[in-house]
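K.L.:
Pasted the sequence and its predicted model underneath.
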Amino acid sequence: MTRLLATLCLTTALCLPIAARADDAADRVAAAKDLVQKTTLKNLEVGFSAALEKTVAPMKEDKAEAVRKEIRAEFDKQRETMLDGLSKAYAEKFSLDELKHLSEIYGNKTYQKFQAVNADPASTVTAVSQASVTKLLNMLAIASAGDSQGTGAPGAPMPMPAR
């Protein structure tokens, strides 16, 4: 009987750290899900909804509604995939305290105002950013097109053909 009691105590003592680690992991995943929903998925939803409406705007209403329904269903599936995958990845990389701190930052009203200004397609901030990014992407496209034609970088002299 004493041996059985000792075995039970030892088993319980050994299982407690495992249970605590499992609880910590579950808490980290839950905190990470909250963070992903406040950040990545919130921004994705705003951008996707705007792009979807822009896409269906020229369509007849019945066609537009069918497209909305089909694409929204796929968006919802992808949203869940992202929520699960990103939450697990963040839970592995950050402690519970770090995740809670990040959540506080993203929950801050001033930060949310900052994000709203950045997300507003009509804002000056967006116009400036888009103009700069467009110029840089165009430069990259030109450089890539020049390289694929064997001409090198834009403005580079043409190589002489071999004789």
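P.N.:
In hand now; what should we look at? Residues are numbered from 1 along each chain as shown.

K.L.:
Show me the residue at the heart of the chain, geometrically.
P.N.:
Nearest to the mean C-alpha position of the chain, counting by Cα atoms, centre = their mean, stands Thr40 at 4.1 Å.

K.L.:
My read is that it contacts Gly85, right?
P.N.:
No - counting by Cβ atoms under 8 Å, Thr40 stays clear of Gly85, with 10.7 Å between them. Every C-beta, even on glycine, is put in place using the N, C-alpha and C of the backbone.

K.L.:
related to what we said a few turns ago, next up, the contacts around the residue nearest to the centre of the chain.
P.N.:
Residues near Thr40 by Cβ atoms under 8 Å, 6 or more residues apart in numbering: 82, 86.

K.L.:
Where does the prediction get shaky in the protein?
P.N.:
1-22, 148-163 (pLDDT under 70).

K.L.:
Phi first, then psi, for Ala50.
P.N.:
Per-residue torsions, Ala50: phi -60, psi -40 (degrees, to the nearest 10).

K.L.:
ok, and the closest non-adjacent residue to it?
P.N.:
When the adjacent residues along the chain are set aside, Ala50 lies closest to Pro121, with 6.9 Å between them (Cβ to Cβ, 6 or more residues apart in numbering).

K.L.:
Give me the helices and strands touching the helix or strand hosting Lys113, please.
P.N.:
Assessed by DSSP states H and E, Lys113 sits inside helix 109-119. Other helices and strands packing on helix 109-119, by 3 or more Cβ pairs under 8 Å, 6 or more residues apart in numbering; DSSP states H and E, are helix 40-56, helix 124-148.

K.L.:
Buried residues in that helix, which are they?
P.N.:
Residues of helix 109-119 classed as buried by neighbour count (16 or more other Cβ atoms under 10 Å): Gln115.
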